[in-house]
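A.B. asks: Make a model of this:
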Amino acid sequence: MGKHFDTLVEVVRNNIGNDERAYKIENVRQYLESIVSRAKLFEFPFSSFDVRGVAGKEIQEYDSHMNDYLELSRQNRTEVITPFKLTGIEDKESVTIFDKKPYQNSGDTIRIISCTCVNPKLKKYGEAVSIFCADLTIDKTFNDGLMKDGYMKANIAPLYHLDTREGKKAFSFSEMPENVLVSVREGDPSQQIHMNPSKAIAKMVIGNFVSYLGELVYIMDPENFIIQRESNASRKLRERKNGKGSDKLLKTSMRPHYIFLNTEELKKWILEQAKEPWPAHPVRGHWRHLISDFYKSKKGQVISIPQYWTGKAEFDGINGWHYRVMIKKSPTDLAFYRGHEDCKSMPQRKD
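C.D. replies: Numbers count the residues shown, from 1 in each chain. Next up, the predicted model:
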């Protein structure tokens, strides 16, 4: 993993794009450099189209689960709840980053930055890289911004698109908004565009938004734990620099990044990956949709039952890695587990 993100780092380092301006972006390179330096990167080990199957949910159950997440996001006054302010997810197809900062006051629009590196064997002109940036706003006039029969409506404003071949710019352009109806179910998103926009960038935005949203919901699900993963070389570099003059454009192996596991996977993983294994005792959380009249004022809301952890949560792993377990205290509060005081005020239950 890290191929697509590391390619984005190389493009920015080499200043491919020549400090171009773009729609709503004063200087493309400076903006991308800021994104690359600040992004928190997740490794997503399987295809976004396999998320529902891996989660073990039927179609209707999965749609309901997605809507619980969207409703929970709305309750917290944001389009989508993310683990960090600037969260990147890399899967086998691409790396996609959600940037909410340009519109943090309105909470209505998300900026999407994506990079895809295509294997040279698949392109007669050699290695191809495609980078795009676009603004996406979920249209609340369509089913109040939630899903209906697997669909939701969004307004897309393409801002910038750069294609490179063999490390050189092939072309770039900036476009104006397109309105599209996107599907968040599995399948080829490019075949599910009801309004048939002609611009290629709109199709790429749709595909990456669909993939990212499914992956993001899986990561944010309280049933799954987030673990920070960092190489010993990266830790030594941070200690040596001590925050002074460090290279901001670091590749995956030289920066902290994040993985996620459910309770059973986590127990097994610690036994296999820790230098000094121990029997871990993670307790999953979950989302609960309040539908009973018993809840009165909170009826219809979605609440999050937090995770629970006991024992040490920072350890050295094999092959030169260091790990730190994080706890989802609430939908918007993700923190490194520091000890029992982090969980003692949380509702506890048997798993």
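A.B. asks: CA only for contacts and neighbour counts going forward, please
C.D. replies: Fine.
A.B. asks: Show me where this protein has its helices.
C.D. replies: 3-13, 28-38, 51-55, 59-75, 200-220, 232-241, 263-273 (DSSP state H).
A.B. asks: Those helices into TSV, with extra columns for distance to residue 137 and mean pLDDT?
C.D. replies: As requested, the helices of the chain are arranged in TSV below (distance: least, CA to CA, whole Å; pLDDT from 0 to 100):
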stretch	distance to residue 137	mean pLDDT
helix 3-13	24	90
helix 28-38	20	90
helix 51-55	23	83
helix 59-75	13	87
helix 200-220	11	83
helix 232-241	36	86
helix 263-273	34	94
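A.B. asks: Make JSON lines out of those and add mean neighbour count.
C.D. replies: Formatted as JSON lines, those follow (neighbours: other CA atoms under 10 Å):
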{"stretch": "helix 3-13", "mean neighbour count": "21"}
{"stretch": "helix 28-38", "mean neighbour count": "18"}
{"stretch": "helix 51-55", "mean neighbour count": "15"}
{"stretch": "helix 59-75", "mean neighbour count": "18"}
{"stretch": "helix 200-220", "mean neighbour count": "21"}
{"stretch": "helix 232-241", "mean neighbour count": "14"}
{"stretch": "helix 263-273", "mean neighbour count": "16"}
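A.B. asks: For stretch 83-99, buried residues please.
C.D. replies: Of all the residues in stretch 83-99, those buried under the rule 16 or more other CA atoms under 10 Å are 83, 86-99.
A.B. asks: next one: stretch 70-89 to chain centre, how far?
C.D. replies: Remark: stretch 70-89 is offset 10 Å from the chain centroid, using CA atoms, centre = their mean, to the nearest Å.
A.B. asks: tell me how far the ends of it are from each other?
C.D. replies: 19 Å (CA to CA, to the nearest Å).
A.B. asks: With stretch 139-151 instead?
C.D. replies: Note: stretch 139-151 ends 11 Å apart using CA to CA.
A.B. asks: any idea how far it is from the chain center?
C.D. replies: For stretch 139-151, the distance to the chain centre is 21 Å (CA atoms, centre = their mean).
A.B. asks: Could you report the distance from the closest residue in space to residue 211 that isn't next to it in sequence to residue 280?
C.D. replies: Nearest-residue entry for residue 211: residue 48, 5.2 Å, with adjacent residues in sequence omitted and distances by CA to CA, 6 or more residues apart in numbering. For residue 48, the distance to residue 280 (CA to CA) stands at 28 Å.
A.B. asks: before we move on, back to that, make sure the residue nearest to residue 211 is actually in contact with residue 218.
C.D. replies: No: Residue 48 lies out of contact with residue 218 (CA atoms under 8 Å); the separation is 9.6 Å.
A.B. asks: who touches stretch 39-55?
C.D. replies: Residues outside stretch 39-55 that contact it (CA atoms under 8 Å, 6 or more residues apart in numbering): 1-2, 58-59, 62, 84, 86-92, 97, 185-187, 211-212, 214-215, 218, 256-259.
A.B. asks: same deal with stretch 74-88?
C.D. replies: 35, 38-42, 69-70, 72-73, 95-101, 107-110, 138, 216, 220, 301, 331-332, 334.
A.B. asks: Could I get the helices of the chain in a markdown table, plus columns for distance to residue 154?
C.D. replies: A markdown table is the format used below for these (distance: least, CA to CA, whole Å):
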| stretch | distance to residue 154 |
| --- | --- |
| helix 3-13 | 26 |
| helix 28-38 | 23 |
| helix 51-55 | 22 |
| helix 59-75 | 14 |
| helix 200-220 | 9 |
| helix 232-241 | 39 |
| helix 263-273 | 35 |
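A.B. asks: Run through the strands of the stretch 51-200 of the chain in chain order.
C.D. replies: Per DSSP state E, counting those that start in this stretch, the stretch 51-200 of the chain carries strands over the ranges 86-90, 95-99, 109-118, 128-138, 151-165, 168-173, 178-183.
A.B. asks: between the fifth one and helix 3-13, how big is the angle?
C.D. replies: With axes from the mean of the first three to the mean of the last three CA atoms, to 10 degrees as the criterion, the two stretches strand 151-165 and helix 3-13 enclose an angle of 60 degrees.
A.B. asks: now for strand 151-165, which elements pack on it?
C.D. replies: strand 128-138, strand 168-173, strand 178-183, helix 200-220 (3 or more CA pairs under 8 Å, 6 or more residues apart in numbering; DSSP states H and E).
A.B. asks: For it, the averaged confidence score.
C.D. replies: Average pLDDT, strand 151-165: 79.
A.B. asks: Next, the contact list for residue 300, please.
C.D. replies: Going by CA under 8 Å, 6+ apart, residue 300 touches 289-291.
A.B. asks: how about a cut-off of 6 Å?
C.D. replies: By CA atoms under 6 Å, 6 or more residues apart in numbering, the contact list for residue 300 reads 290-291.
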